[in-house]
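Engineer: kindly generate the corresponding structure for this input.
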Amino acid sequence: MSKLFTTGLIADVMLIFMLVEAVCLLAYFFKTRRGLPPLAVFWMLLPGSCLVLAVRGALVGAEWGWVALAVSVSLLGHIGDFRQRLIGKRH
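Structural biologist: Okay, the predicted model is just below:
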C-alpha cells in the first residue's frame, strides 16, 4: 500500500477515475442533450485534476515549481469554473 503513495500511483488512479467521469458525463450529454455541456465539464474537472497533479508531484519529489504551477492552474480553473457558472445563471 505504501508503494501506491510513494510512487504517485494513487494520483494516477485518481486521474483515471476523473477521466472516466468526464467520458460518462460527456456521453450522457451527447446522447440525451441534457446534463452538463462539454465546456462545463472541462471547467468543473480542471481544478481537481490540477490539484491531483500537484499532490502527485509532491509525493514523488518533483521540483517545487511544478507543484506551484499545478496549484496555480487549479486556481485559474476555479476562477474559470466560477465565471462560467455565474454567466450561465444570468442567461
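
Engineer: just give the nearest non-adjacent residue to the most centrally placed residue in the chain, would you?
Structural biologist: Nearest residue to the geometric centre of the chain (CA atoms, centre = their mean): Ser49, 2.5 Å. Among residues not flanking Ser49 along the chain, Met18 sits closest, at 5.8 Å (CB to CB, 6 or more residues apart in numbering). From N, CA and C alone the C-beta is placed, and that goes for glycine too.

Engineer: which strand or helix spans that neighbour?
Structural biologist: Element membership for Met18, per DSSP states H and E: helix 9-32.

Engineer: and that helix, which residues are buried?
Structural biologist: The neighbour-count check on helix 9-32 (16 or more other CB atoms under 10 Å) flags Ile10, Ala11, Met14, Leu15, Ala22, Leu25, Leu26, Phe29 as buried.

Engineer: what of stretch 50-64?
Structural biologist: Residues Cys50, Leu51, Val52, Leu53, Ala54, Val55, Arg56, Gly57, Ala58, Leu59, Ala62 are the ones in stretch 50-64 that count as buried (16+ other CB under 10 Å).

Engineer: pretty sure the fifth one is touching Gly65, no?
Structural biologist: No: look at Ala54 against Gly65 with CB atoms under 8 Å: they stay out of range, at 11.4 Å.

Engineer: what's the biggest helix by length in the chain packed up against?
Structural biologist: Counting by DSSP state H, the longest helix found in the chain is helix 64-90. Judged by 3 or more CB pairs under 8 Å, 6 or more residues apart in numbering; DSSP states H and E, helix 64-90 is in contact with helix 38-60.
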